[in-house]
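**Q** Coordinates only, no sequence provided:
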């Protein structure tokens, strides 16, 4: 069939479909600077991949997408590992184990690679980062292993009673089972004051507000003595699927690592859990599956001790770019970069050493992200805030000017809810902000970063495009309603369509989504977006075996050499090189609306208007109609009088540059060999001498940038 090559322009009457831009002076919705607002993320890479990926040839193509500032994604914490940002450093225990602090001396060898160390005192079977690997020590069947909570959440470090930061572990039996007894094989330190509870709702993780934790009739323990404690929880079995041990006071006795380090002697530790029923003869019947793999009875915990050993290193699990390699490879464009510190599974001393190293090397830092996805690890908000305050103090002793931010959420479309506290509050963010405020530390929150993965894997439909502008702007309002100060900039520091890739990523659909997402978020008040993933990892099997990739290119699996650009590469160029004027100039963004609707009331055309520092008005327009082109007129309302009214509007005047990328320029073809794009760009370019009545035809399934001056 015949296809439109670009955005066709025609002259006509004032009737028909129209895009209205609220161009009145003082009505801009946001101000952005491309070098600060349009970035990309560099994450953990497959073992041995970084040296192949960061070649001059690959980097030239990657940088040609136009993304500017870079954020370094600290992925090891996602997988419940201690991050050795510098392989050289000092262990807390003279025996060469314990808590590791990287060497802050810039005179040491440049850091090219860094790795994670899986934590040996883990108490989680699976969560958002560990859903396919590792296991909990609570049900691993090994009496010599144990879970231990984070010592930095105890009074010795928070300055508050341990009762204000209760720690917990809970079991998921997969189905409701009769329960009347529990056996807890405590390690040191053990809980002196604790309760054994069951959940009344459907799922305490997925639906934390639709149920409550109820203490078993025999589940409250005071002045406990540790050891192997068998508790008769009820006279008759109670059906339960989720059973929690809530710990409020510690014995403060020392674990197997000795008394020389006070961190070994605070918090709570459990060797193994046994749960089930007792019979009249006094025998205990355990229903738990004890195995050192993901098939064990699943457990969850509130925190994990970051203690580990050199033997825990797992290089094959993947490598983080060394900080020196990251800064000197060329990927940062020598711009200030967003740098992470590990926080949930780390020590303040190590985080401070990392930033001291970076600054001594003279590397520019824009922001520091504090931790990684605490919501995905089920970290209570008060605990995360307590860690935030401790780590902020350590970092600001290194440099008081560092801009710190958190919590770096997993990518939610709505408020994050957690179990109600004593005041009935269930909003994670509200409680996090309130904790900082109550401790006089809200000013430590210099920015509010989070991720954006809006669509559940396997549920991407063409109509999902219609939801994106609402989802990405609504979340800004959610965080403000939760108490994030309006003067604290919000940033999406990692983003793509979904948390599991698929063909939607490499189809033209992915390009339309990317342009719509970036335009909507920045126009809605977000201060920065970071595209993920910057470096090409190649086409693989994503959700349900669908071919896809997080990235802008296909690449050879072994050599990592780029094969061809994909749809999001071309969308990136339209955003970074056509819509905005590359550089450090300020851009004013303005609201734009269209009346192009389908029969169900979906807005088929969305537009994002920018007044660039070169004086040109630039519109990025997304036509989400996959079947039909649409002819539109552009009206800049209030541009002359400064009053927002569609009765007083003007249009483009003179030369208008037109750049279009869509289904006519790009088509993805799946195949057993990995798939390819043909045609594979480039975007179509043209120009027109426009007047106020000029109409622009937007091809089906396309992104179009119109750029020019308007009539005075």
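**A** Arrived safely, thanks for sending. In this text, all values refer to a predicted model and were calculated from it rather than measured experimentally.
**Q** what about the strands in the stretch 251-400 of the chain?
**A** Along the stretch 251-400 of the chain, the segments classed as strands by DSSP state E, counting those that start in this stretch run 269-278, 284-286, 298-301, 320-321, 337-341, 365-370.
**Q** Least confident of those strands, on average?
**A** Per-segment confidence across the strands of the stretch 251-400 of the chain bottoms out at strand 320-321, which has a mean of 93 in mean pLDDT.
**Q** to the chain's geometric centre, what's the distance from that one?
**A** How far strand 320-321 lies from its chain's middle: 18 Å, per CA atoms, centre = their mean, to the nearest Å.
**Q** Would you map the strands across the stretch 1-150 of the chain?
**A** In the stretch 1-150 of the chain, the segments counted as strands under DSSP E, counting those that start in this stretch are 8-11, 17-22, 30-32, 38-42, 70-72, 81-84, 89-93, 97-102, 113-118, 147-148.
**Q** Kindly report which one of the ones you listed carries the lowest mean pLDDT.
**A** Mean pLDDT across these is lowest at strand 8-11; the value there is a mean of 43.
**Q** related to what we said a few turns ago, most tightly surrounded among the strands of the stretch 1-150 of the chain?
**A** For the strands of the stretch 1-150 of the chain, the stretch with the most neighbours on average is strand 147-148, a mean of 30; neighbours defined as mean count of other CB atoms under 10 Å. For glycine as for every other residue, the C-beta is placed from the backbone atoms N, C-alpha and C.
**Q** returning to what we had before: need the strands of the stretch 251-400 of the chain in JSON lines with mean neighbour count, can you?
**A** Conversion of the strands of the stretch 251-400 of the chain to JSON lines gives the following (neighbours: other CB atoms under 10 Å):
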{"stretch": "strand 269-278", "mean neighbour count": "21"}
{"stretch": "strand 284-286", "mean neighbour count": "14"}
{"stretch": "strand 298-301", "mean neighbour count": "24"}
{"stretch": "strand 320-321", "mean neighbour count": "25"}
{"stretch": "strand 337-341", "mean neighbour count": "25"}
{"stretch": "strand 365-370", "mean neighbour count": "22"}
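**Q** if we can go back for a sec, tell me which of the strands of the stretch 1-150 of the chain sits nearest to residue 503.
**A** Evaluated over the strands of the stretch 1-150 of the chain, closeness to residue 503 peaks at strand 38-42, with 21.8 Å, by CB to CB.
**Q** ok, back up a step: between the strands of the stretch 1-150 of the chain, which one is nearest to residue 341?
**A** Of all the strands of the stretch 1-150 of the chain, the one in closest proximity to residue 341, counting by CB to CB, is strand 81-84 (8.8 Å).
**Q** so which of the strands of the stretch 251-400 of the chain comes closest to residue 525?
**A** Evaluated with CB to CB, the strands of the stretch 251-400 of the chain place strand 365-370 nearest to residue 525, the distance being 17.7 Å.
**Q** and the closest one, which strands flank it?
**A** Strand pairing for strand 365-370, determined by DSSP bridges: strand 337-341 (parallel), strand 404-405 (parallel).
**Q** any low-confidence regions in this protein?
**A** Judged by pLDDT under 70, the chain has its weakly predicted residues at 1-16, 641-647.
**Q** re the thing from before, please dump the strands of the stretch 251-400 of the chain into TSV; it should also carry distance to residue 559 for every row.
**A** Putting these into TSV (distance: least, CB to CB, whole Å) gives the following:
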stretch	distance to residue 559
strand 269-278	47
strand 284-286	52
strand 298-301	40
strand 320-321	19
strand 337-341	27
strand 365-370	32
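**Q** For residue 380, which of the ones you listed is the nearest?
**A** Nearest of the strands of the stretch 251-400 of the chain (CB to CB): strand 298-301, 11.0 Å.
**Q** Pairing partners for that closest one, with directions?
**A** strand 167-179 (antiparallel).
**Q** Just the buried residues of the partner strand, please?
**A** 167-173, 177, 179 (16 or more other CB atoms under 10 Å).
**Q** Between the residues you listed, which sits nearest residue 663?
**A** Sorting those by how near they are to residue 663, with CB to CB, puts residue 172 at the top with 45.6 Å.
**Q** check contacts around the nearest residue to that closest one once chain neighbours are set aside.
**A** Counting by CB to CB, 6 or more residues apart in numbering, residue 298 is the residue found nearest to residue 172 once chain neighbours are left out, at 4.4 Å. Contact partners of residue 298, counting by CB atoms under 8 Å, 6 or more residues apart in numbering, are 125-126, 136, 139, 171-172, 174.
**Q** Of those, which is the nearest to residue 420?
**A** The shortest separation between residue 420 and any of these is 20.1 Å, and it belongs to residue 172 (by CB to CB).
**Q** need the contact list for the closest one.
**A** Under the criterion of CB under 8 Å, 6+ apart, the contact partners of residue 172 comprise 241-242, 297-300.
**Q** for the residues you listed, which one is nearest residue 227?
**A** Minimum distance to residue 227 across these is 20.4 Å, recorded for residue 299 (CB to CB).
**Q** What residues does the closest one make contact with?
**A** With contacts taken as CB under 8 Å, 6+ apart, residue 299 has the following neighbours: 123-125, 136, 138-139, 147, 169-172, 273.
**Q** Return the member of the residues you listed nearest to residue 115.
**A** Set against residue 115, the nearest of the contacts of residue 299 by CB to CB is residue 124 (20.5 Å).
**Q** residues near that closest one, how many?
**A** By the measure other CB atoms under 10 Å, the count of residues near residue 124 is 25.
**Q** Counting neighbours, which bits of stretch 210-227 end up buried?
**A** 211, 213, 216, 219, 221, 224, 226.
**Q** Contacts made by it with the rest, please.
**A** Where contact means CB under 8 Å, 6+ apart, the residues beyond stretch 210-227 that reach it are 186, 188, 190-202, 204, 229, 231-235, 238, 244, 246, 251, 253, 419-420.
**Q** try stretch 442-451
**A** Residues outside stretch 442-451 that contact it (CB under 8 Å, 6+ apart) are 367, 369, 373, 388-389, 392, 396, 403-412, 433, 436, 475, 479, 484-485, 488-495, 527.
**Q** Off-centre distance for that stretch?
**A** Distance of stretch 442-451 from its chain centroid, counting by CA atoms, centre = their mean, is 14 Å.
**Q** For it, buried residues please.
**A** Buried residues in stretch 442-451, counted by 16+ other CB under 10 Å: 442, 444-451.
**Q** of these, closest to residue 32?
**A** Among the buried residues of stretch 442-451, residue 447 lies closest to residue 32 (CB to CB), at 14.3 Å.
**Q** Just checking: what are the partner strands of the helix or strand hosting residue 218?
**A** Mapping residue 218 onto the secondary structure by DSSP states H and E places it in strand 213-221. According to DSSP bridges, the neighbouring strands of strand 213-221, each with its direction, are strand 191-199 (antiparallel).
**Q** any residues touching the partner strand, and which ones?
**A** Looking at strand 191-199 with CB under 8 Å, 6+ apart, the contacting residues turn out to be 163, 170, 179, 182, 211-216, 219-224, 231, 233, 238, 240-251, 268.
**Q** tilt between that strand and strand 269-278?
**A** Comparing the axes of strand 191-199 and strand 269-278 via axes from the mean of the first three to the mean of the last three CA atoms, to 10 degrees yields an angle of 50 degrees.
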